[in-house]
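# model the structure of this input:
(one chain, ligands or ions: 2)
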Amino acid sequence: VLPGAQELLAGLNPQQEEAVKHAGSPLLIVAGAGSGKTRVLSHRIAYLLATGRARPGEILAITFTNKAAAEMRERIEALVGDPAKNMWISTFHSSCVKILRREAKNVGLNSNFSIYDSADTLRLITLVAKGLDLDPKRFAPKAIQHKISALKNELIDDESFAATANYSDPFEQAVASVYTGYTQRMRQANAMDFDDLIAQVVFMFQAFPAVADSYRRRFRHILVDEYQDTNHAQYVLVRELTGASAGGDALVPPGELTVVGDSDQSIYAFRGADVRNIVEFEKDYPQARTILLEQNYRSTQTILSAANAVISRNPDRPQKRLWTAQGDGERIIGYVGENEHDEARFIADEIDRLQDSEGLRPGDVAIFYRTNAQSRSIEDLLVRVGLPYKVVGGTRFYERKEIKDALAYLRVLVNPDDVVNLRRILNEPKRGIGDRAEYAVAALAERERISFFDALRRAGEAPAMATRSVNAVAAFVKLIEDLAEVATGSGAAAALEAVLEQTGYLAALRQSNDPQDESRVENLAELLAVVREYERDNPEGSLGEFLEQVALVADADQIPDAPDEEGAALAKNQGVVTLMTLHTAKGLEFPVVFLTGMEHGIFPHQRSMTDPKELAEERRLAYVGLTRARKRLYITRSESRSMWGQSQYNPASQFIQEVPAELIDWKREGAERPAFTSGGFGSSRYSGSFWGAGASEAQRPATSSAPAAVRAGRVQPQKEIIALTVGDKVSHTSFGNGTVLSLEGAGDKTVAKVKFDIGEKRLLLRYAPLTKL
Ligand code: ATP
Ligand code: MG
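Ligands and ions are numbered 1, 2, ... in the order given. You can find the predicted model right below:
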């Protein structure tokens with residue numbers, strides 16, 4: 001063994017060393033979190049080079065995220081230096097892009113093909129479906145998109161699906177025809193979607209054995225991290241690359257395959273990941289060698305015991321013995337906030353305290369949450385106290401598309417001359433005002449020297465406008481004018497509710513099957529909570545003033561992710577607090593971790609309440625979260641949370657109860673509440689009026705001590721439309737007393753004209769803060 005190689009083995013435990021040195025047959029390393037799987041992978045690569053068993057160009061290392069790939073490259077560079085540059089260390093997707101750029105002609109594309117993201121893909125699918133006269137209400141384009149993606153992950157192309165689809169099922173029939181049309185259009189557009197990237201490489205390898213052989217000859221060592229989260233297409237890709245699929249007929253002897261993973265950390269089933277790939281590895285590769293790692297080097301015993309206790313509740317899993325030599329360390333600190341702001345305040349205070357007393361740097365800290373929407377209250381507080389942070393794998397709250405769209409509407413209601421925001425929402429959601437109509441209106445505005453909004457009003461005068469477009473524009477103008485009335489008459493929150501409902505924006509998201517759109521709905525609910533809170537704190541405030549405040553927060557939000565040269569030194573020493581969802585935290589580690597929002601219905605997520613499989617996946621996610629912590633772990637939740645536009649009272653997550661009580665030191669404990677019966681809690685979330693679906697008095701257990709928000713009378717019960725007749729005396733929270741002059745419309749849409757001292761107002765009863773006197 002070369003001297004360099006010997007050094008690489010120093011500091012590894014016997015199992016790790018064995019895994020690094022193993023040669024000659026496929027290797028599976030299975031082990032719990034923090035046991036050095038990723039480290040073994042890096043050392044194994046360095047060892048292959050140091051012993052001359054491989055040249056850098058023969059190595060293909062695949063990780064789950066770009067961040068993980070960058071980190072692995074860094075680790076390997078530290079071990080072997082420059083030669084690391086010639087290795088492929090990347091995600092499945094980027095390796096496949098590289099291959100496809102070289103081999104584009106084999107799949108009938110130019111090498112400059114575009115890659116369509118999910119939004120582009122959806123646009124095209126919608127177009128194709130429209131061309132086929134499919135009713136979007138019956139066959140939601142999102143649902144079709146989801147299905148096509150799933151088919152691609154299963155390596156079923158349009159032709160095979162057309163040949164095997166169940167045509168007595170109208171949905172399958174629709175998918176079959178859209179899939180065919182979509183595939184043709186993608187080819188014409190010289191484009192690939194994300195799922196194509198993997199599937200096309202597999203199809204190409206199968207169709208052109210010589211091409212496949214050239215890659216098998218090149219990549220003699222293939223190493224895959226986080227193997228438990230591979231889907232079927234990725235699994236087959238690995239088999240193709242190693243030549244395992246060719247069986248005894250391969251021209252090239254099989255490459256060496258190393259996979260590492262942990263079935264307890266499988267958290268991507270919703271994207272087609274299949275744990276069978278790791279569980280049945282030995283069946284797939286009969287000569288495989290399996291090595292178990294049992295020592296955890298990452299965490300204290302306390303953290304490990306908590307994580308082990310939680311994951312051991314999952315059924316059908318082999319028990320693992322994971323131990324650490326690090327000692328017990330600190331107890332886990334628990335905190336129950338009165339509300340999410342109190343929870344965020346505690347987190348910021350603790351970071352502050354640890355900075356002062358233990359020299360902790362912001363870069364040592366990570367804050368995790370289950371859904372993106374939860375980052376908002378934390379971000380707000382970090383901005384206010386001036387702690388630098390970054391949001392990983394998600395966009396900052398106010399930069400998210402749905403938030404920008406909603407705010408664009410509100411800005412237009414306040415200022416119809418805001419042409420940028422006006423044009424942003426002109427056809428959002430789709431209402432048949434295409435680019436051509438938009439340009440015609442813009443030209444009219446220029447010619448007549450009028451504002452864009454005035455030009456919209458006079459769209460009929462624009463040359464070359466189709467009647468359909470003129471009608472669509474007229475409907476849009478009317479919509480904006482109606483909404484503007486809600487805004488002036490009933491305030492900011494009512495305006496936002498009306499925007500989301502009357503524009504069809506919310507309906508479009510809720511119809512969709514895309515899990516991303518579910519989180520968009522959650523984000524919008526969160527925005528509504530922001531507005532309501534603003535109105536509570538500023539009873540006199542207007543929509544315009546609210547928007548100004550938001551603009552300032554959003555601006556303070558713009559801390560650059562990658563600091564410039566001068567900032568770099570500071571960032572290196574200090575770093576910034578990292579905010580991310582539990583899903584993006586996989587594979588990472590931090591000295592200090594906050595697991596926030598540990599509430600029943602949030603984490604575990606509402607969706608998993610009725611499905612034991614989903615609950616098991618949520619528990620694995622909890623295991624991933626707990627095991628990211630090295631030295632200090634915090635578990636927080638809050639008694640009330642205004643996530644859904646109203647205060648909700650979530651009991652503690654069952655995952656907290658699964659942690660042995662003696663491991664947690666509670667700094668503030670919530671009021672004890674009896675467990676909620678499964679039907680009573682939360683089942684109303686998706687029923688009835690979306691915005692009204694908070695916890696009502698009736699749903700709250702009778703014995704609970706009323707939280708502060710209730711005592712302060714800040715919880716608004718679900719609003720009923722008040723019954724009024726002409727002549728009734730009413731009281732409005734802002735306009736004072738008045739008399740009803742007339743009533744139009746019915747139900748949700750009832751509008752009352754009311755005479756107040758300050759003048760006459762038209763009020764949409766659904767939203768107006770009115771009481772009958
Ligand atoms: P996960 O399942 O979360 O991906 P993992 O099994 O990949 O975890 P690593 O990230 O490789 O674990 O290792 C966890 C930590 O333990 C790292 O900081 C790593 O450097 C350290 N570590 C691993 N093995 C050893 C060792 N033999 N000696 C010292 N430190 C080690
Ligand atoms: Mg790892």
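# contacts, neighbours, all on C-alpha from now
OK.
# tell me the contacts of A163?
Shown in contact with A163 (C-alpha atoms under 8 Å, 6 or more residues apart in numbering): no residues.
# go again using 10 Å as the cut-off
A176 (C-alpha atoms under 10 Å, 6 or more residues apart in numbering).
# just the element for it, please.
helix 158-164 (DSSP states H and E).
# just the C-alpha atoms of that helix, please, in CSV.
Only the C-alpha atoms of helix 158-164 are listed here, as CSV (Å, rounded to 0.1, in the frame of the first residue of the first chain):
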residue,chain,number,x,y,z
ASP,A,158,-45.6,7.5,-24.7
GLU,A,159,-45.7,4.6,-27.1
SER,A,160,-45.7,1.8,-24.5
PHE,A,161,-48.3,3.7,-22.5
ALA,A,162,-50.5,4.1,-25.5
ALA,A,163,-50.2,0.3,-26.1
THR,A,164,-51.0,-0.6,-22.5
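# for the strand or helix carrying V420, name the packing helices and strands.
Taking DSSP H and E as the criterion, V420 maps to helix 419-425. Contacts defined by 3 or more C-alpha pairs under 10 Å, 6 or more residues apart in numbering; DSSP states H and E place helix 419-425 against helix 401-414, helix 435-448, helix 452-457.
# ligand 1 is nearest to which of those helices?
Nearest to ligand 1 among the helices and strands packed on helix 419-425 is helix 401-414 (31.6 Å), distances taken as C-alpha to the nearest ligand atom.
# can you pull the buried residues of the closest one?
Buried residues in helix 401-414, counted by 16 or more other C-alpha atoms under 10 Å: 402-414.
# ditto for stretch 598-606
Residues of stretch 598-606 classed as buried: M598, E599, H600, G601, I602, F603, P604, H605 (neighbour count, 16+ other C-alpha under 10 Å).
# now render the residues you listed as JSON lines, adding pLDDT.
Below are the buried residues of stretch 598-606 laid out as JSON lines (pLDDT from 0 to 100):
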{"residue": "M598", "pLDDT": "97"}
{"residue": "E599", "pLDDT": "95"}
{"residue": "H600", "pLDDT": "93"}
{"residue": "G601", "pLDDT": "91"}
{"residue": "I602", "pLDDT": "92"}
{"residue": "F603", "pLDDT": "94"}
{"residue": "P604", "pLDDT": "93"}
{"residue": "H605", "pLDDT": "91"}
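# filter these to keep only those in contact with ligand 1.
With C-alpha under 6 Å from any ligand atom as the criterion, the buried residues of stretch 598-606 include none near ligand 1.
# can you redo these as JSON lines with distance to ligand 2 and secondary structure?
What follows is those, written out as JSON lines (distance: C-alpha to the ion, whole Å; DSSP: H, G, I helix; E, B strand; the rest coil):
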{"residue": "M598", "distance to ligand 2": "24", "secondary structure": "coil"}
{"residue": "E599", "distance to ligand 2": "27", "secondary structure": "strand"}
{"residue": "H600", "distance to ligand 2": "28", "secondary structure": "coil"}
{"residue": "G601", "distance to ligand 2": "29", "secondary structure": "strand"}
{"residue": "I602", "distance to ligand 2": "26", "secondary structure": "coil"}
{"residue": "F603", "distance to ligand 2": "23", "secondary structure": "coil"}
{"residue": "P604", "distance to ligand 2": "24", "secondary structure": "coil"}
{"residue": "H605", "distance to ligand 2": "25", "secondary structure": "strand"}
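# and G759, what pLDDT?
Listed pLDDT for G759 reads 72.
# ignore what I typed, I meant R353.
Listed pLDDT for R353 reads 95.
# likewise G541?
Per-residue confidence (pLDDT) for G541: 85.
# in a strand, it, correct?
No. Secondary structure of G541, determined by DSSP: H, G, I helix; E, B strand; the rest coil: coil, with no strand assignment.
# hang on, the earlier thing: show me what counts as buried in the helix holding A163.
Counting neighbours by 16+ other C-alpha under 10 Å, one finds that the buried residues in helix 158-164 are D158, F161, A162.
# go back to those and keep what's next to ligand 1.
Counting by C-alpha under 6 Å from any ligand atom, no member of the buried residues of helix 158-164 is near ligand 1.
# picking up where we left off before, dump the helices and strands packed on helix 419-425 into a markdown table; add distance to ligand 1 as well.
Output for the helices and strands packed on helix 419-425, formatted as a markdown table (distance: least, C-alpha to the nearest ligand atom, whole Å):
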| stretch | distance to ligand 1 |
| --- | --- |
| helix 401-414 | 32 |
| helix 435-448 | 47 |
| helix 452-457 | 54 |
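# how about the ones you listed in a markdown table, adding mean pLDDT?
Shown next, in a markdown table, are those (pLDDT from 0 to 100):
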| stretch | mean pLDDT |
| --- | --- |
| helix 401-414 | 91 |
| helix 435-448 | 90 |
| helix 452-457 | 94 |
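# do you know which of those helices lies nearest L124?
Closest approach to L124 among the helices and strands packed on helix 419-425 is made by helix 435-448 (15.8 Å; C-alpha to C-alpha).
# elements contacting the closest one?
Using 3+ C-alpha pairs under 10 Å, 6+ apart, the elements in contact with helix 435-448 are helix 419-425, helix 452-457, helix 467-490.
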